[in-house]
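Enquirer: When you get a sec, could you give me coordinates for this:
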Amino acid sequence: WKRRDVVYCIAILTDQEQFFAQTLKTVPTVVFLALPGVSGLNAAEHLRSLYPKCGIIWCSDLDFSLHAFRLRIEYFFMKPVEEQKIKEGLSIWFECKKVR
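Expert: Numbers count the residues shown, from 1 in each chain. From the prediction side, this is the model:
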């Protein structure tokens, strides 16, 4: 899956503090968030409050779909993490970005 007009910079961070420290250096355009339980919810809320225009694709082991809707998350799905779900989330984000 590729887009010619997009520069990809992928960083895999497993520590929330490390992630948010990194966002102070480089503001993310889109984030794939996969943290368990309430940690994922807290991270999504914090990310949305810091960067309201950042795209968020959120995967969780708990059903936070109502919270995802409230936070205007571009794409939410429950585990397991699957390539097709990530592709679908990115496609939806690209479409949302065109409209805005």
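Enquirer: Ramachandran angles for Met43?
Expert: Actually, residue 43 is Ala rather than Met. phi -60, psi -40 (degrees, to the nearest 10).
Enquirer: what about it, neighbour count?
Expert: 19 (other C-beta atoms under 10 Å). The C-beta positions use only the backbone N, C-alpha and C, and glycine is treated the same way.
Enquirer: Start the count at 323 instead of 1 going forward.
Expert: New numbering, starting at 323: the last item is Ala365.
Enquirer: how about the residue nearest the centre of the chain, phi and psi?
Expert: Centroid-nearest residue in the chain: Ile378, 2.7 Å away (criterion: C-alpha atoms, centre = their mean). Backbone torsions of Ile378, given as degrees, to the nearest 10, read phi -130, psi 120.
Enquirer: For it, which non-adjacent residue is spatially closest?
Expert: Nearest non-adjacent residue to Ile378, counting by C-beta to C-beta, 6 or more residues apart in numbering: Ile395, 4.8 Å away.
Enquirer: what does Ala390 give?
Expert: Phe398 (3.6 Å).
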